[in-house]
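1. The following block contains a protein sequence and its predicted model.
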Amino acid sequence: MKTRTKIILTFTSLTLIVGLLFAFSRQRIPFTTGKTKYIVVKNAFFNRSNIYKPNAALLITDTKEITDNERLFLDNKTYGHACGYHYAIQFWVSPDDQIDDIPFNQECEEFLRSNSKMQSKMKGYIKQLEAKPTHYIYNLQIPVTIEPKDILKAFDNSGLHLFFMDGVSNHHTTLGFTYLQTTPIKELVDRSKWQGEQDDNAKDATKKINEIVDSIMTVATIIEQSEISFPMQSFGGGTIDHQAAISLKFKNGTDLKQVKEIIERNNGEVGDENNPQHYYVQLVDTSDNLENVRERLKNYRQVTNIYEYPKRK
């Protein structure tokens, strides 16, 4: 009897150990790229914050803190909410290469994992932004005739921290257009199939947008294109409607007449056109005095004006 009990206990113990090992093996390995060189914590400008100045920021370069933040923030998600955002934490490989830009709401944010650690981390950063920021952000105005790569070259070895927070393609000409896909609603006995009809209509709209883009590429070079969105969808009145929208960026000086003709010929609607004269790169600097920053950068002829972020005029 004792031998049998001992065997049962041994088997139970082994089962428990194997179960624990299996559980631990299933635990998520913290995500880290190992590429982040800079972290910027800043105002998100979607909700009012109480930071020292609107352009106040934290610039983090400590390797241990960067690694810890990669494990906490990257590849993490939040529960959905509609509260807006107060702050953002950005991960950068280089001035023109951003890994992620994560918004944070100090009132109603909740992350799917390590929530308490992330809350504590962000509260510490927010407190520092409110009392003693390490840096301040400035918008440097650059003519569109100067490429971003040339700006980086001009500031190389300057000791100044530049970041393209708006991306590196905003100096290009932009044109948007939409296409409205309309399909009559079929008389279906099984109304649950209507969802499939709506999905098919959206696919047709997407296909048509892509066909128009392909045609445009025969007459002009597209530098960048946005994802296709659906600003308007409707189901009723006898029809299914999906308005698909896209934004295209072209080299400055591109004659868009043929582009617009292609859009209209394919029953698309031409949207807003933007031909910028300048764009902005962000300087993250230790000085909170705009005039001091202007004085230090006066010899950089590529910079035609400087503003406290997010101001642009």
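-> Yes, it's here.
2. quick one: contacts of stretch 206-221?
-> Under the criterion C-beta atoms under 8 Å, 6 or more residues apart in numbering, residues 177, 179, 181, 222, 225, 228, 244, 246, 248, 250-251, 254-256, 258-259, 262-263, 266, 268 lie in contact with stretch 206-221. (Glycine included, C-beta is placed from N, CA and C.)
3. Any stretches of the stretch 101-250 of the chain with poor pLDDT?
-> Counting by pLDDT under 70, the stretch 101-250 of the chain contains low-confidence ranges at 187-193.
4. which residues of it fall in strands?
-> 135-143, 161-163, 173-184, 222-225, 229-236, 239-250 (DSSP state E, counting those that start in this stretch).
5. can you count the residues close to the residue nearest to Leu112 when sequence neighbours are not counted?
-> Computed as C-beta to C-beta, 6 or more residues apart in numbering, the closest residue to Leu112 that is not its neighbour in sequence is Lys77, at 5.0 Å. Per other C-beta atoms under 10 Å, the neighbour tally for Lys77 reads 9.
6. likewise Gly268?
-> 20.
7. Quick check: bridge partners of it?
-> Tyr179 (DSSP bridges).
8. Is it in contact with Thr178, as I believe?
-> Yes - in this structure, Gly268 is within contact of Thr178 by C-beta atoms under 8 Å, at 6.5 Å.
9. ok, back up a step: gap between the residue nearest to Leu112 and His161?
-> 29 Å (C-beta to C-beta, to the nearest Å).
10. Now stretch 60-70: average pLDDT?
-> The average pLDDT for stretch 60-70 rounds to 95.
11. what pairs with Ile142 across the strands?
-> Tyr279.
12. List the contacts of it.
-> Ile151, His171, His278, Tyr279, Tyr280, Val281, Gln302, Val303, Thr304.
13. quick one on the thing from earlier: possible to save the strands of the stretch 101-250 of the chain as a markdown table with distance to Glu70?
-> Below are the strands of the stretch 101-250 of the chain laid out as a markdown table (distance: least, C-beta to C-beta, whole Å):
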| stretch | distance to Glu70 |
| --- | --- |
| strand 135-143 | 20 |
| strand 161-163 | 18 |
| strand 173-184 | 33 |
| strand 222-225 | 27 |
| strand 229-236 | 30 |
| strand 239-250 | 31 |
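14. which one of the ones you listed lies closest to Ile60?
-> strand 135-143 (9.9 Å; C-beta to C-beta).
15. Quick check: the gap between the residue most central in space within the chain and Asp200.
-> Centroid-nearest residue in the chain: Asp101, 5.4 Å away (criterion: C-alpha atoms, centre = their mean). Using C-beta to C-beta, Asp101 is found at 34 Å from Asp200.
16. likewise Val93?
-> 41 Å.
17. What residues does the closest residue to Val303 other than its chain neighbours make contact with?
-> Distances taken as C-beta to C-beta, 6+ apart put Leu140 closest to Val303, at 4.8 Å, once the chain neighbours are dropped. Neighbouring residues of Leu140 by C-beta under 8 Å, 6+ apart: Leu162, Tyr280, Val281, Gln282, Leu283, Leu297, Val303, Asn305, Ile306.
18. Hmm, Asn139 and the second one touching each other?
-> Yes - counting by C-beta under 8 Å, a contact exists between Tyr280 and Asn139, whose distance comes to 4.5 Å.
19. overlap in contacts of those two?
-> Arg312.
20. Start and end of stretch 136-156, how far apart?
-> End-to-end span of stretch 136-156 (C-alpha to C-alpha, to the nearest Å): 20 Å.
21. Of the strands of the stretch 101-250 of the chain, which is nearest Gln195?
-> strand 229-236 (9.5 Å).
22. Which other helices and strands does the closest one contact?
-> Contacting strand 229-236 under the criterion 3 or more C-beta pairs under 8 Å, 6 or more residues apart in numbering; DSSP states H and E are the following elements: helix 194-216, strand 239-250.
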